[in-house]
Structures are given as C-alpha cells and as structure tokens.
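Student: Structure for this input, please:
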Amino acid sequence: MPTTWNRSPEEFHKIYIANTDAFYKVGSTSLAAQLDEFMTGCALGLWSKSGGITERHVAMANQIYSRNRPQPKWLLWNLTSSVCEKEVFTPPVFFWNMAESDVKRGSETSRTFIRMLTNILMYLAATDDDVTYAEAEYITECIDKLTAICDTTGVKKSRETLNPLDYVTSSDPGFIAKRGTQSSGGDAVAETAPSEQQQKPDLDELMDELNALVGLEEVKKDIRNLMNLVKVRKLREENGLPVTPMSLHMVFLGNPGTGKTTVARLVSGLYAAIGVLSKGQLVEVDRSGLVAGYVGQTALKTQEVIRAALGGVLFIDEAYSLSSGGENDFGREAIETILKAMEDHRKDLIVIVAGYTEPMEKFLSSNPGLESRFNKYFFFPDYNGEQLMAIFEGNLKKNSYVLSDEAREAARKLFDDLYENRTDNFGNGRDVRNCFEDMIVRQANRVAAMEAPTKDDLMLVLPEDLSDPEDEEDAES
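Tutor: Below you'll find the model as predicted:
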C-alpha cells in the first residue's frame, strides 16, 4: 500500500481548472486572480493545521492558478512564512458579490461554490500523510462562514441531489458540465443526479435537518467537524492511502429530552450518505431490550439486536444501567457481547451510548474495553426558556396552530418559569411535548363548546389553552 498521495501535483491543476472555470468568465483574469489568491489562502490555512508545510505542499500550491494565468513559483521558505497570515479564514469580497447577485437573480451559484471549495479542501487535506481533527475543524469553519453569508443575504437553497461521494476528480466533464451549464449571467443550472444516487440518504438534507435543530450549537459543530474528518479519511482510503485507526463510536451525555436520539438518527443517516455505513438505520434500545432474565439468554437477545443494527447505529439509552447490577448481573454479559460485536463488525456498525453525565462516566470506567472504544464525547445541555419556546412554536407550526398575542406572552412566561424552576426531573423537549399535547386537549374542549367554529377558531390558541385553571389556583394558594 502506498504511503504518499498517488496523484501528481499536475493532476491537481487539472482538477482545479475543471472545478473553478464555472466561477469566472473565461478570458477574463479579474475574478480568476482573486479566486486563485483566495484558494491559496485556504490551502495555507488548512496546511497550517497539519503540523507544518512540506515540499509536497509547495508543489500543490504551485498548481493553484486559473486558466490563462501565470503559474506561481512558491518556495518552501516563502510559503512557510505566508502561513501565519492565512490561519484565520476570511470570506472574500467576490463571494459576497456572488451571493448578492444570486439573491437578485434567484440563482444559487454561491452555494455551489461552497461545495466546490469543500471538495478541493478535502482533496488537499488528503494529500497529507495523516488527517487531523484540526484540519476538519478548519474545513468546517470555511463552510460555516460562507454558508452564513448565503443565509444572511437570502440565497435560496439548492434542490439538486448531490452525491456525497462525488469528490473533485480530474475526469471530464468538468464542474460546469457536472453541475449545470453557464448562462450569460453567470448562473449555474442544476442537473438531476442519477436515480441510483437518489436512493441513498441525502447528505445535504440531513445536514440541513441537523443545523435546524434548536440549540445544541457545540454538538452540531462537533458533528460537522467529525463528518469532514471522516470524508477526508474515506477519500484517502479510496486512493489507496493509509489512515490511522479511528473509533467512530460515541458517548452522548445529558439529561432526558435534549435531542440525543434525534442526533443519533441523523448521524446514522449521515454516515450512510458518505458511505461509512451500508444502510443507515437507527436501532434504539435500553437495558430491557438487551438483558434477559435467565442464564445464557442475554447474549442471544443482545446478538439479535446487533443483527438488526448492522449497517447502521445501535443507540443504547441509559447505558449505565447495564453495569449497575453487581458482578453477577446479566447486564455485564450484554456489555461483553456488544464489545465483541464492535470489533467483529467495526466497518459496518456504530454504537452510541447515552445517559446522565456522572453515571455514564462510571459506566465507561467499569470496563477497559469500553474506555478504549468510546473516545468521542458529546454533551447535550438543557434547553433554556427561549429554546423551549422555539421547540413549542415548531410543534405549533407543524400542526397548524396559531398563538394569539396574549397566548404567546403566556407561553414565553410558562417556559421561562419551567427552565428557571427546573428540578432533577426536568424533561427538556419532553416537557414541551407534554405541554403541547395538554394544550391540544384544552383547546379542543374549548372549541367543541362553540356553536359553529371557523377554521381560524380551530387553529387559534388562547392563554387559557396553555394551563389548567385548577393548577393556577393551587399555585396561588
């Protein structure tokens, strides 16, 4: 197996041309010069995270030049000295102009540009002998900052189905042909991906769903970093390059109702979308789904669950309960069975264990095999009052309910109080769901008493629908 990138720097130049021609008018060097400078800065920022500039980085940097422009002649010393100036990613002016032009035209060239940049950065990261988490973080930072510009200016989101494994290649056709034809106004006309690709989980839709979750900003950022790291590693594998062994199993720490199961489902789909998992299903269990009441039955029961999870994610909620029953408890048999499966099926099974922070720490330290296999920790904080309100409003919108102005104020106060006075039994999103379901019942009882309710009456939520009058009297007394 080769230990270096098996594509020449000259081939990278062909890749660069094929994927950047779409973003400047052929024959003009104005935008081409800005694009080359920007892409070189991105490459330097990325390589600065990998531990130092090498001669191979110099060779790659000398291939970042657009058609009809002179080839740069970087040397190791001047490329190394330039790294310090490029560590912080700054969106270029031409991208702002591109996004504003998209808004006026109703096009989405700027979002296509983000995908192009992502692919090239992944290619450049894969040229290193080792791929670091810091490089993945840099790619995420680039994507997030450019995407924020698109979101702020109002650039529409692409309806195109993109193949998540379609990394930058040097084969014809180029980026214009693959992603659309160039119109006189500079818009990229999207084409539909092959039907077999449409059957896979859609990476962009899943990422949109992840990013749309209320709160969990650090969790979402960590997931994006991890996805970028895994994609670059997979790109290296596809090119016959070695990758350092890496565990993809995860620990989700936090109270109930903080979105752990939802994120686990998205992770399963995301890994399937980039080809790490073959199916992408989520199998959720707790102790009762793994442990039997008789000797010899727990292993069989656990193996059955594992078979159902192969190709996807096995999500074990309140996993600490497996080790809380003492030395002779059958839960330890389930743990040993799971550990063996994690080794036997390490290429097509990901296990996520979840639960309260302190019990989970004790659980992981109870078995050396657990500590060695789980090294990625994600903390899910409690939702504050504003976030609880946002979740509640999402439920209202999904089910076609509308709050009156008075009800909106009452709901804000309700969730602020719920958060400020939370106890150990605080259920976060589950409490919101309970409030929503109780509201539906009260609103239905009120509307049912009306002689001829209109559509607006059926949708409108009033303050009295949000709380039980008897509960308010008890609280006042």
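Student: in the stretch 251-400 of the chain, which ranges drop under the pLDDT threshold?
Tutor: Within the stretch 251-400 of the chain, the set of residues satisfying pLDDT under 70 comprises 295, 325-328.
Student: 90 instead?
Tutor: For the stretch 251-400 of the chain, the stretches flagged by pLDDT under 90 are 273-276, 280, 288, 291-299, 322-333, 343-344, 346-347, 357-358, 361-376.
Student: swap in the stretch 1-150 of the chain?
Tutor: The stretch 1-150 of the chain contains residues with pLDDT under 90 at 1-37, 40-94, 97-98, 101-102, 104-144, 148.
Student: Looks to me like Trp74 is in a strand.
Tutor: No. Using DSSP: H, G, I helix; E, B strand; the rest coil, the assignment for Trp74 is coil, not a strand.
Student: what's the closest non-adjacent residue to it?
Tutor: In space, and not counting its chain neighbours, Trp74 is closest to Ala61: 4.8 Å by CB to CB, 6 or more residues apart in numbering. For glycine as for every other residue, the C-beta is placed from the backbone atoms N, C-alpha and C.
Student: Test my guess that the one you found contacts Pro72.
Tutor: Yes. Checked against CB atoms under 8 Å, the pair Ala61 and Pro72 is within contact range at 6.9 Å.
Student: more neighbours, these two?
Tutor: Taking neighbours as other CB atoms under 10 Å, Ala61 and Pro72 compare with Ala61 leading, 23 against 15.
Student: where do the helices sit along the stretch 251-400 of the chain?
Tutor: 260-273, 297-309, 331-344, 357-365, 368-373, 385-398 (DSSP state H, counting those that start in this stretch).
Student: Quick check: neighbours shared by Ala61 and Pro72?
Tutor: With contacts taken as CB atoms under 8 Å, 6 or more residues apart in numbering, the residues that reach both Ala61 and Pro72 are Thr40.
Student: circling back: contacting residues around the residue nearest to Trp74?
Tutor: By CB under 8 Å, 6+ apart, the residues touching Ala61 are Thr40, Ala43, Leu44, Pro72, Trp74, Leu79.
Student: any chance of these in TSV, plus distance to Ser8?
Tutor: Below are the contacts of Ala61 laid out as TSV (distance: CB to CB, whole Å):
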residue	distance to Ser8
Thr40	19
Ala43	16
Leu44	21
Pro72	17
Trp74	17
Leu79	18
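Student: of all those residues, which comes closest to Thr244?
Tutor: Ala43 (22.2 Å; CB to CB).
Student: Would you mind confirming that the closest one makes contact with Ile64?
Tutor: Yes. Ala43 lies in contact with Ile64 (CB under 8 Å); the separation is 6.5 Å.
Student: And this structure, split by domain according to the record?
Tutor: 9-200, 247-380, 385-476 (automatic domain parsing).
Student: Turn these into TSV, including distance to Asn239.
Tutor: Formatted as TSV, these follow (distance: least, CB to CB, whole Å):
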stretch	distance to Asn239
domain 9-200	7
domain 247-380	14
domain 385-476	42
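Student: Which stretches in the stretch 51-200 of the chain count as helices?
Tutor: According to DSSP H, counting those that start in this stretch, the helices that the stretch 51-200 of the chain contains are 55-61, 76-83, 93-105, 109-126, 133-153, 175-179, 195-198.
Student: Leaving out the residues flanking it, which one is nearest to Ala341?
Tutor: Using CB to CB, 6+ apart and skipping residues adjacent in sequence, the residue nearest Ala341 is Ile306, 4.6 Å away.
Student: Neighbours of that neighbour, how many?
Tutor: The burial count for Ile306: 22, using other CB under 10 Å.
Student: buried stuff in the helix or strand hosting Val219?
Tutor: Using DSSP states H and E, Val219 maps to helix 217-238. Using 16 or more other CB atoms under 10 Å as the burial criterion, the residues of helix 217-238 that qualify are 219-220, 222-236.
Student: if we look at stretch 359-376, which residues are touching it?
Tutor: Under CB under 8 Å, 6+ apart, the answer for stretch 359-376 is 226, 247-251, 253, 319-320, 322-324, 335-336, 339, 342, 351, 353-355.
Student: how much distance is there from that stretch to the middle of the chain?
Tutor: Here stretch 359-376 is found 24 Å from its chain centre; the criterion is CA atoms, centre = their mean, to the nearest Å.
Student: and what of stretch 432-441?
Tutor: 29 Å.
Student: what do you get for stretch 314-326?
Tutor: Worked out by CA atoms, centre = their mean, stretch 314-326 lies 26 Å from the chain centre.
Student: Export that stretch to PDB, keeping only CA atoms.
Tutor: Output of stretch 314-326 as PDB, limited to C-alpha atoms (Å, rounded to 0.1, in the frame of the first residue of the first chain):
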ATOM      1  CA  LEU A 314     -27.100   0.900  17.800                       C
ATOM      2  CA  PHE A 315     -28.200   3.600  20.200                       C
ATOM      3  CA  ILE A 316     -28.300   2.400  23.900                       C
ATOM      4  CA  ASP A 317     -30.100   4.800  26.100                       C
ATOM      5  CA  GLU A 318     -29.300   4.900  29.900                       C
ATOM      6  CA  ALA A 319     -26.400   2.600  29.100                       C
ATOM      7  CA  TYR A 320     -25.100   2.900  32.600                       C
ATOM      8  CA  SER A 321     -27.900   0.600  33.800                       C
ATOM      9  CA  LEU A 322     -26.000  -2.300  32.100                       C
ATOM     10  CA  SER A 323     -23.300  -2.100  34.700                       C
ATOM     11  CA  SER A 324     -25.200  -1.100  37.800                       C
ATOM     12  CA  GLY A 325     -26.400  -4.500  38.900                       C
ATOM     13  CA  GLY A 326     -23.300  -6.000  40.500                       C
END
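Student: Give the buried residues for it.
Tutor: By neighbour count on 16+ other CB under 10 Å, the buried set for stretch 314-326 is Leu314, Phe315, Ile316, Asp317, Glu318, Ala319, Tyr320, Ser321, Leu322, Ser323.
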